[in-house]
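Engineer: With the input below, show me the fold.
(2 chains)
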Amino acid sequence: QQQVRQSPQSLTVWEGETAILNCSYEDSTFDYFPWYWQFPRESPALLIAIRPVSNKKEDGRFTIFFNKREKKLSLHITDSQPGDSATYFCAASASSGSWQLIFGSGTQLTVMP
Amino acid sequence: DPKIIQKPKYLVAVTGSEKILICEQYLGHNAMYWYRQSAKKPLEFMFSYSYQKLMDNQTASSRFQPQSSKKNHLDLQITALKPDDSATYFCASSQDSNNQAPLFGEGTRLSVL
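Structural biologist: Just a heads-up that it's a prediction; the model follows:
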């Protein structure tokens, strides 16, 4: 059972456009949602994270929108740059119980110049 | 300088052999993890340790054994290697409790022939 789902699997946008990456989850106990990005042949790196006390988290061009009722979140990248081309992973964990961070299968973003 | 050191970077092994993947972190973190990434299962949680104690184990096979000789070390011993074990193994760490986004090491790319 896939607990964290991401869509689309791949996304291509033009430079300057807004890229929207989607994520949904099953477990209602999840209360921490980090997003990682990963460049080819590198390790995943934390990009931005949100806790459900808020429904929006912004960091520069990157914004997470969170909908607790629908168990969905999305990452918006405004003014996309070619350097943003990477695979983006949505992840989730719960403050009680398991210590594991569950990752989605990723969205491969390509920003065309 | 990398704060989480994984050795070796690349490893080629024959089926049936045994290998140890080394991980040391110099961040003063108390929690350490192992994740595996392959084409079939991106970023799959394996183990979590806190203060050298096993907190969570999501690896079905006993062929994978974490070893923590010091608080900042978490090695991974893999016995009876199979071609399906071919993947990149990432060590990660976080300050202490769960619900924190771990920092990833550069990974060990294992190929089993």
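Engineer: I'd like the next helix or strand past the lowest-mean-pLDDT helix or strand in chain A.
Structural biologist: Ranked by mean pLDDT, DSSP states H and E, the weakest helix or strand in chain A is strand A:102-103, scoring a mean of 92. Counting by DSSP states H and E, the next helix or strand C-terminal to strand A:102-103 is strand A:107-112.
Engineer: chain center to that next one: distance?
Structural biologist: 13 Å (Cα atoms, centre = their mean, to the nearest Å).
Engineer: ok, now stretch B:61-79?
Structural biologist: 7 Å.
Engineer: So which bits of it are buried?
Structural biologist: B:64, B:66, B:68, B:72-76, B:78 (16 or more other Cβ atoms under 10 Å in any protein chain shown). Where C-beta positions appear, they are placed from N, C-alpha and C, glycine not excepted.
Engineer: Dump the C-alpha coordinates for it into PDB.
Structural biologist: This file holds the C-alpha atoms of stretch B:61-79, laid out as PDB (Å, rounded to 0.1, in the frame of the first residue of the first chain):
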ATOM      1  CA  SER B  61      15.200  -9.600   5.500                       C
ATOM      2  CA  SER B  62      17.600 -10.400   8.300                       C
ATOM      3  CA  ARG B  63      20.400 -10.200   5.700                       C
ATOM      4  CA  PHE B  64      20.500  -6.500   6.500                       C
ATOM      5  CA  GLN B  65      22.000  -5.700   9.900                       C
ATOM      6  CA  PRO B  66      22.800  -2.200  11.200                       C
ATOM      7  CA  GLN B  67      25.700  -1.900  13.500                       C
ATOM      8  CA  SER B  68      26.300   1.100  15.900                       C
ATOM      9  CA  SER B  69      29.700   1.000  17.600                       C
ATOM     10  CA  LYS B  70      29.600   4.700  18.600                       C
ATOM     11  CA  LYS B  71      26.800   7.300  18.700                       C
ATOM     12  CA  ASN B  72      27.900   8.900  15.500                       C
ATOM     13  CA  HIS B  73      28.400   5.600  13.600                       C
ATOM     14  CA  LEU B  74      25.800   3.500  11.900                       C
ATOM     15  CA  ASP B  75      27.200   0.900   9.600                       C
ATOM     16  CA  LEU B  76      25.100  -1.500   7.500                       C
ATOM     17  CA  GLN B  77      26.200  -5.100   7.100                       C
ATOM     18  CA  ILE B  78      24.600  -7.000   4.200                       C
ATOM     19  CA  THR B  79      25.100 -10.700   3.900                       C
END
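Engineer: Cheers, nothing more for now.
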